[in-house]
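> sequence and predicted model, in that order:
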Amino acid sequence: MCNSGFLSAVPTIFKVFQVHDGKDIATRRIEAIQEGKLAFLLLAAFLKEANGFEHQEAVMPTVPSLDMLLSIEDVMEKSSLEYHLSR
């Protein structure tokens, strides 16, 4: 069971465990120990770089610049007005 988190003034011991080493992927478990107790647990997988999946590259949509957007006050006012008009 994990503690509530790290204690900044207490030394931390990191333990790294080899979970799996395959042809294309490696997995590691990392434990952070403080005062003899598990403070944090991380499971990380590393994939060998390979060609492919180009079709999944994200293309960012065109969006207006910040100076073209409404302020939060204007959004709230517009939302309130639309609510009252719809009733």
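That came in fine, so what should we check first?

> so which elements touch the strand or helix carrying Ala26?
Element membership for Ala26, per DSSP states H and E: strand 25-34. Packing partners of strand 25-34 (3 or more C-beta pairs under 8 Å, 6 or more residues apart in numbering; DSSP states H and E): strand 13-21, strand 37-47. For glycine as for every other residue, the C-beta is placed from the backbone atoms N, C-alpha and C.

> Throw those strands into CSV and include distance to Ile72, mean neighbour count and mean pLDDT, thanks.
Putting the helices and strands packed on strand 25-34 into CSV (distance: least, C-beta to C-beta, whole Å; neighbours: other C-beta atoms under 10 Å; pLDDT from 0 to 100) gives the following:
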stretch, distance to Ile72, mean neighbour count, mean pLDDT
strand 13-21, 42, 10, 95
strand 37-47, 36, 12, 93
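
> JSON lines please, covering the ones you listed and showing distance to Asp67.
Listed next are the helices and strands packed on strand 25-34 as JSON lines, based on distance: least, C-beta to C-beta, whole Å:
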{"stretch": "strand 13-21", "distance to Asp67": "46"}
{"stretch": "strand 37-47", "distance to Asp67": "40"}
